[in-house]
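Visitor: Output the structure for:
(chains A and B)
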Amino acid sequence: AQSVTQPDIHITVSEGASLELRCNYSYGATPYLFWYVQSPGQGLQLLLKYFSGDTLVQGIKGFEAEFKRSQSSFNLRKPSVHWSDAAEYFCAVGTLNNDMRFGAGTRLTVKP
Amino acid sequence: EAQVTQNPRYLITVTGKKLTVTCSQNMNHEYMSWYRQDPGLGLRQIYYSMNVEVTDKGDVPEGYKVSRKEKRNFPLILESPSPNQTSLYFCASSSRRQGRTEAFFGQGTRLTVV
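Guide: Numbers count the residues shown, from 1 in each chain, chains lettered A, B, ... in the order given. All right, here's what the predicted structure looks like:
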């Protein structure tokens, strides 16, 4: 069965600094990979997804992620963080039958 | 507007009192699922349904029931809630008709069982 590991439970960055959130997955076939963001008291919003093709994918709000098959990773990046990016971020891996598994999440705090 | 609607958003109940959380989607998606979110554990799948009248257990199905009589609705039933079912619950739907798509989530239902 597929699984996802997000090694960082909590990350704090200064506003304007760059950000990288780590995600490692385990799945025997070609994975479908996602990053979702959850603001306090809100549902989950899709940031970006990878199904196939270019391994560097662009998402909303200036986020991007890179699929590295050799490292089983799908790390999320943003060159300059804004205070409004403070939220919880979830990486997920999906399968052909639409089953999805989520990581435990990484909470991002943005310092002024 | 494409959306997944859950009701209620907030619910406080007592141990043993049966409750139902409704979920409805207007995107004609075949696949629907329920997750619970707990601190440090992320989202864990409770049940899923690949189409009408087809349901199956996820990772944490104990204490829950579901049904899928219509394509758009996928209610979550707690026959005898217990305090360990206090959690934030999300319903999600997705489609396979046009290749793989992402899951669309409802706004969540915060359940407290006392």
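Visitor: show me where chain A has strands.
Guide: Applying DSSP state E to chain A gives strands spanning A:3-5, A:10-14, A:19-21, A:24-26, A:32-38, A:44-50, A:56-58, A:64-68, A:73-78, A:87-94, A:100-102, A:106-111.
Visitor: nope, chain B is what I meant
Guide: Counting by DSSP E, the strands of chain B are B:4-7, B:10-13, B:19-25, B:31-38, B:42-51, B:54-57, B:65-66, B:76-78, B:87-94, B:104-105, B:109-113.
Visitor: Would you mind pulling up the elements that the helix or strand of chain A with the lowest mean pLDDT packs against?
Guide: Across the helices and strands of chain A, mean pLDDT, DSSP states H and E gives its lowest value to strand A:100-102, namely a mean of 89. Where contact means 3 or more CB pairs under 8 Å, 6 or more residues apart in numbering or on different chains; DSSP states H and E, strand A:100-102 is packed against strand A:3-5, strand A:87-94, strand B:42-51. Every residue, glycine included, has its C-beta placed from N, CA and C.
Visitor: Adjacent strands (with direction) for it?
Guide: strand A:87-94 (antiparallel) (DSSP bridges).
Visitor: now the angle from the strand it pairs with to strand A:64-68?
Guide: Going by axes from the mean of the first three to the mean of the last three CA atoms, to 10 degrees, strand A:87-94 is angled at 40 degrees with respect to strand A:64-68.
Visitor: Give me the most central residue, the chain.
Guide: Answering for chain A, as no chain was given. Nearest to the mean C-alpha position of chain A, by CA atoms, centre = their mean, lies A:W35 at 3.6 Å.
Visitor: meant chain B actually
Guide: Centroid check for chain B by CA atoms, centre = their mean gives B:W34 as the closest residue, at 2.9 Å.
Visitor: Cross-check the contact I'm expecting between A:Q58 and A:L48.
Guide: Yes - contact criterion CB atoms under 8 Å: A:Q58 and A:L48 qualify, at 6.7 Å.
Visitor: More neighbours: which of those two?
Guide: Using other CB atoms under 10 Å in any protein chain shown, the more surrounded residue of A:Q58 and A:L48 is A:L48, with 20 against 11.
Visitor: shaky segments in chain B?
Guide: Residues of chain B meeting the criterion pLDDT under 70: B:97-100.
Visitor: Around chain A, pick out the residues from it.
Guide: B:30-31, B:33, B:35, B:40-45, B:48, B:50, B:90, B:92, B:94, B:96, B:99-100, B:102-103, B:105-108 (CB under 8 Å from any CB of the partner chain).
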